[in-house]
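**Student:** Next comes the sequence, and after it the predicted model I'd like to discuss.
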Amino acid sequence: MLKRIFTIAFLYLKTTYSSRTTFIFSIAMPLLFTFILGAAMAETDPEAGQFRTQLGVVDEDGSFFSALLIERLESNPSVELVMYDREAALAELEDVLSAAVVIPRGFGFSVAEGEQTEVTVYQNTNEFSQAQLLFEAVNSAVAQIAGSLAAADIATNVAQEVGLFEGADDTAIERYHSTAFTEAENAWSTGAPVGLETATISRVETSRTPNGVSQSAPGMLVMFALFFTFNGGAVLLVEREEGTLRRLLVMPMGKGTLIAGKLMGIYLGALVQMTVMVLAGHYLFNVEWGKDNLALALMLMAYGLAGTALGLMLAALSKTPAQAGAAGTIAMMALASLGGAWWPIEIVPPWMQSFALALPTGWAMRGFHDIITRGLDLNAVLLEAGVLGGFTILFLAIGIWRFRYE
């Protein structure tokens, strides 16, 4: 039985890939659209460089210590500073900025005198995750300066206790304190002596929006895989109209073997197409398909199964090949756009993001971005693969139930 299934699958693949049209629409077109859409979004592509969040800065002090704080903020690779006056910063905070920091007048004097002083961080409550990131960046910069001052105070006190300043005037003590502060700041610049290693132990959400080829490569893979599987379903209707299925059933095989062989051919063809897309995306467009090849393989296999079952269901619900072709085109466009294959799902309204999770394409894009954008591993995509498996069972049950061989 298995031999017959694979024989039917092989004949289907041989017949299908001998068509130039199939090659153009399953391989050439996806790569072309990947390039075009990727180039259109490349200007804001996070893969093109370090992703940075804008922080509005209002420097009302203009002192050495305010400039030092700004310098510390500029050294943070996740933060892009934009200078404002107070009024403009608060206005931009409503629509453009996630957070703004105000350095008040007298900040530098208070720091120099060792007095308690504060900077104010205004946060946009609609952009909580980015605002929190910026708040932590300001807090870190302030803590570094406070740490350097504390180190300089301790060094000066120790020097006084051991009699280093015996007979010296206040100018010498201030100079020593300034030198100690500078050395502490230099130590911050060279990096902390203790490193931090992170490991992902669960799925986390990120505010980072995929763009460029990191969006177009998985998006076109998801979209054009449906073209191949829908076309496979339409071929079944052509063979039914021409009587090919009826003649095949005369052979010593059951309907289950026949349909299993056809579906195996469609599934293997979809896997070949998606594998070519992955390899071409990596070598032609420098797409980084994550750090876990097993996670990527699982998502490809799970989505291929769901697409194959969906193609069978579409064929079963259509009366003619022309009807299946028209319905397939509409379904492919709708599933791709609503599932987040054409644009990042993060930019659409919340209700559309929720609706995408009712579609197999939505779960497929979520899984691929878990791998590509969020850098997660196999454990993180088990949910997405499992949901795609549920879609496969549903579509397959409807397809087998409604499909007619004559």
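**Tutor:** The structure has been received and is ready for your questions. Everything quoted here is computed from the prediction, not taken from an experiment.

**Student:** Over to Phe403: give its phi and psi.
**Tutor:** Main-chain torsions, Phe403, degrees, to the nearest 10: phi -70, psi 140.

**Student:** right, and it touches Ile259 too?
**Tutor:** Yes: contact criterion C-beta atoms under 8 Å: Phe403 and Ile259 qualify, at 7.2 Å. (C-beta placed from N, C-alpha, C; glycine too.)

**Student:** Overlap of the contact sets of these two?
**Tutor:** Common contacts of Phe403 and Ile259 (C-beta atoms under 8 Å, 6 or more residues apart in numbering): Leu312.

**Student:** Confidence-wise, which helix or strand of the chain is lowest on average?
**Tutor:** helix 244-248 (a mean of 63; mean pLDDT, DSSP states H and E).

**Student:** Looks to me like Leu81 is in a strand.
**Tutor:** Yes: looking at Leu81 with DSSP: H, G, I helix; E, B strand; the rest coil, it is inside a strand.

**Student:** I'd guessed it sits against Val57; true?
**Tutor:** Yes: applying C-beta under 8 Å, one finds Leu81 in contact with Val57, separated by 5.2 Å.

**Student:** More neighbours: those two, which one.
**Tutor:** Between Leu81 and Val57, counting by other C-beta atoms under 10 Å, Val57 is the more crowded of the two (22 against 17).

**Student:** how close does that one sit to Ile5?
**Tutor:** Remark: distance between Val57 and Ile5 (C-beta to C-beta, to the nearest Å) = 66 Å.

**Student:** and Leu263, backbone torsions?
**Tutor:** phi -70, psi -40.

**Student:** where are the low-confidence patches of the stretch 301-406 of the chain?
**Tutor:** Residue ranges of the stretch 301-406 of the chain with pLDDT under 70: 405-406.

**Student:** What of the stretch 151-300 of the chain?
**Tutor:** Across the stretch 151-300 of the chain (using pLDDT under 70), the flagged ranges come out as 188-211, 240, 242-256.

**Student:** Determine the longest helix present in this structure.
**Tutor:** Among the segments of the chain that qualify as a helix by DSSP state H, the longest is helix 128-161.

**Student:** what's it packed up against?
**Tutor:** On a contact count with 3 or more C-beta pairs under 8 Å, 6 or more residues apart in numbering; DSSP states H and E, helix 128-161 meets strand 53-59, helix 64-74, strand 99-103, strand 120-123, helix 170-189.

**Student:** Would you mark the buried spots in the helix or strand following the third one?
**Tutor:** This points to strand 99-103. Using DSSP states H and E, the next helix or strand after strand 99-103 towards the C-terminus is helix 107-112. Using 16 or more other C-beta atoms under 10 Å as the test for burial, helix 107-112 gives Phe107, Gly108, Ser110, Val111.

**Student:** buried stuff in the longest helix of the chain?
**Tutor:** 130-131, 133-135, 137-138, 141-142, 144-145, 148-149, 151-152, 155-156, 159.

**Student:** Okay, angle between it and strand 79-83 too, please.
**Tutor:** 90 degrees (axes from the mean of the first three to the mean of the last three C-alpha atoms, to 10 degrees).

**Student:** and helix 128-161 with strand 53-59, angle?
**Tutor:** Going by the same axes, to 10 degrees, helix 128-161 makes 50 degrees with strand 53-59.

**Student:** which element is Val276 on?
**Tutor:** helix 255-285.

**Student:** gap between that helix and the chain center?
**Tutor:** Taking C-alpha atoms, centre = their mean, to the nearest Å, the mean C-alpha location of helix 255-285 is offset from the chain mean by 24 Å.

**Student:** in that helix, what counts as buried?
**Tutor:** For helix 255-285, burial by neighbour count (16+ other C-beta under 10 Å) applies to 257-274, 277-278, 280-281, 285.

**Student:** Give me the packing partners of that helix, helices and strands only.
**Tutor:** helix 2-17, helix 29-40, helix 213-242, helix 293-316.

**Student:** Take the ones you listed and write them to CSV, including mean neighbour count and distance to Gly390.
**Tutor:** Formatted as CSV, these follow (neighbours: other C-beta atoms under 10 Å; distance: least, C-beta to C-beta, whole Å):
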stretch, mean neighbour count, distance to Gly390
helix 2-17, 15, 24
helix 29-40, 18, 26
helix 213-242, 25, 17
helix 293-316, 24, 9
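
**Student:** my guess is Pro30 contacts Met220, does it?
**Tutor:** Yes: counting by C-beta under 8 Å, Pro30 does reach Met220; the two are 4.6 Å apart.

**Student:** any shared contact partners between the two?
**Tutor:** Common neighbours of Pro30 and Met220 (C-beta under 8 Å, 6+ apart) are Met277.

**Student:** Now the element after the host helix or strand of Ala364, going C-ward?
**Tutor:** Counting by DSSP H and E, the element that carries Ala364 is helix 360-372. On the C-terminal side of helix 360-372, the nearest following helix or strand under DSSP H and E is helix 382-402.

**Student:** send the alpha carbons of that following helix over as CSV?
**Tutor:** C-alpha atoms of helix 382-402 as CSV (Å, rounded to 0.1, in the frame of the first residue of the first chain):
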residue,chain,number,x,y,z
LEU,A,382,4.9,23.8,19.6
LEU,A,383,1.6,25.7,20.2
GLU,A,384,1.6,27.1,16.6
ALA,A,385,2.4,23.7,15.2
GLY,A,386,-0.3,22.0,17.3
VAL,A,387,-2.9,24.5,16.1
LEU,A,388,-1.9,23.9,12.5
GLY,A,389,-2.3,20.2,13.2
GLY,A,390,-5.8,20.9,14.4
PHE,A,391,-6.6,22.8,11.2
THR,A,392,-5.2,19.9,9.2
ILE,A,393,-7.6,17.4,10.9
LEU,A,394,-10.6,19.7,10.4
PHE,A,395,-9.9,20.4,6.7
LEU,A,396,-9.0,16.8,6.0
ALA,A,397,-12.2,15.5,7.6
ILE,A,398,-14.4,17.9,5.6
GLY,A,399,-12.4,17.2,2.4
ILE,A,400,-12.7,13.4,2.6
TRP,A,401,-16.3,13.6,3.6
ARG,A,402,-17.4,15.9,0.7
